[in-house]
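[1] sequence? don't have it. structure:
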């Protein structure tokens, strides 16, 4: 029991937000008379929040290093406008357009990273300037008008679904099979991780609680994939999200660069004295943020099927809120990819549920602000107790 309490205490923020997400979903499922978890609404929930979750993955890395990025919404709008000009007005191939836009996102990230990492201008100022610069460039490029429509192949990035190669008559069989495979992978990875913990003498969950955890996670994946299979199957964007979450989680937990990012955010001077090239780490984090902001802009443009001057409005605030709600510390050095995704889902479920209930945007913004304040206050109080 002591081991369990210690593990919970060490991961209290992540566990608490996961529990909060489940409670929020249950609450809105009841208040909306079951509409929230209907297959169509779950699919829409994924499509509506995919670009915010992608931004949150990049933003949590920036916050872990002790910085902030206020420009991601404007960069997303800029990339969306650029993709529309290349694909719609210049008839460029969608694949090469996506590659060029991601490269442009990396260049934008490098531009901002240079001023933050090497010139030592605070990230708040640099990215605030970037927010104004790229919003202005977007307005100039679009001349105040929307550009549409995108080629069908590009729209599949955000609106497409995996084809059912097994031709299920009433249910998407491929989605169910993918769900079973994911459950198998989860069980394998969790069992291997627990064995490694026990072998190295680290604290691990007791067997009964470990089995309960596995059963609970498997049930969530199984129910989730069944709900999707009951509609049109797994959206293409969900596959992309899973790949990004798995990749960045691996990088942050298992690689040297991940440990360096945490070290720079924890204590930059100590990290520098230990041999870590702190400037390069900060620079690369902003380059990565630029790429993910570009990807988010492409996905949003594909979903909207248009490039608009107001695209990306307040995206940066949603991404920052998702990171903090998911466990990132305002002081740097703390945070996780899974936590940021959970935070993004909390915001997304709240937005979706309140919209179904007919709450106005004014109430939605106020409630989201209170949730963000409560999450950061919880983090500060938890630090004072430890």
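    Yep, that arrived. Just so it is clear, the structure is predicted and the values come from calculations on it, not from any experiment.
[2] who's in contact with stretch 356-374?
    With contacts defined as Cβ atoms under 8 Å, 6 or more residues apart in numbering, stretch 356-374 is touched by 28, 31-32, 35-36, 41, 321, 324-325, 346-347, 350-351, 354-355. In this view, the C-beta of every residue, glycine as well, is placed from N, C-alpha and C.
[3] could you say which helix or strand holds residue 291?
    Assigned by DSSP states H and E, residue 291 belongs to helix 278-304.
[4] any idea of the mean pLDDT for the next helix or strand after that helix?
    Using DSSP H and E, the helix or strand that directly follows helix 278-304 along the chain is helix 315-325. Per-residue pLDDT values across helix 315-325 average out to 91.
[5] what sits up against helix 315-325?
    Contact with helix 315-325 is made by 17, 51-53, 55-56, 58-60, 63, 68-74, 76, 131, 296, 330, 335, 339-344, 346-347, 368, 371-372, 375-376, 379, as judged by Cβ under 8 Å, 6+ apart.
[6] helix 278-304 and that helix, what's the angle between them?
    Between the axes of helix 315-325 and helix 278-304, defined by axes from the mean of the first three to the mean of the last three Cα atoms, to 10 degrees, the angle is 120 degrees.
[7] any buried residues in the helix or strand following helix 315-325, and which?
    Going down the chain from helix 315-325, the next helix or strand is helix 337-357, by DSSP H and E. Within helix 337-357, the residues that count as buried by 16 or more other Cβ atoms under 10 Å are 337-354.
[8] also stretch 202-212?
    In stretch 202-212, counting by 16+ other Cβ under 10 Å, buried: 204, 205.
[9] and for stretch 89-109?
    Here stretch 89-109 shows 94, 97, 98, 100, 101, 102, 104, 105, 106, 108, 109 as buried, counting by 16+ other Cβ under 10 Å.
[10] nearest residue to the first one in space, please, no chain neighbours.
    Right, the one you point to is residue 94. residue 154 (4.2 Å; Cβ to Cβ, 6 or more residues apart in numbering).
[11] starting at the chain centroid, how far to the helix or strand harbouring that neighbour?
    Following DSSP H and E, one finds residue 154 within helix 152-159. Taking Cα atoms, centre = their mean, to the nearest Å, one finds helix 152-159 lying 20 Å from the centre of the chain it belongs to.
[12] and it, what other elements does it pack with?
    helix 39-64, helix 94-117, helix 236-254, helix 278-304 (3 or more Cβ pairs under 8 Å, 6 or more residues apart in numbering; DSSP states H and E).
[13] report the central residue of this protein.
    With distances taken as Cα atoms, centre = their mean, the residue of the chain nearest its centroid is residue 53 (2.5 Å).
[14] find the nearest non-adjacent residue to that one, please.
    Excluding the flanking residues, the one nearest residue 53 by Cβ to Cβ, 6+ apart is residue 344, at 4.5 Å.
[15] now do residue 319
    residue 55 (3.8 Å).
[16] contacting residues for that neighbour?
    72, 76, 292, 293, 296, 315, 316, 318, 319, 322.
[17] go again using 6 Å as the cut-off
    Contact analysis of residue 55 by Cβ atoms under 6 Å, 6 or more residues apart in numbering lists 72, 296, 315, 319.
[18] with residue 62 instead?
    69, 285, 289.
[19] residue 345 now?
    Counting by Cβ under 6 Å, 6+ apart, residue 345 touches residue 21.
[20] quick one on the thing from earlier: quick one: buried residues of the helix holding residue 291?
    Buried residues in helix 278-304, counting neighbours by 16+ other Cβ under 10 Å, are found at 278-279, 281-304.
[21] quick check: angle from it to helix 39-64?
    Interaxial angle of helix 278-304 relative to helix 39-64 (the same axes, to 10 degrees): 160 degrees.
[22] for helix 278-304, name the packing helices and strands.
    helix 39-64, helix 72-84, helix 94-117, helix 152-159, helix 256-266, helix 268-273 (3 or more Cβ pairs under 6 Å, 6 or more residues apart in numbering; DSSP states H and E).
[23] for that helix, what is the distance to the chain centroid?
    For helix 278-304 - counting by Cα atoms, centre = their mean - the centre lies 12 Å from the chain centre.
[24] and if you look at stretch 221-238?
    19 Å.
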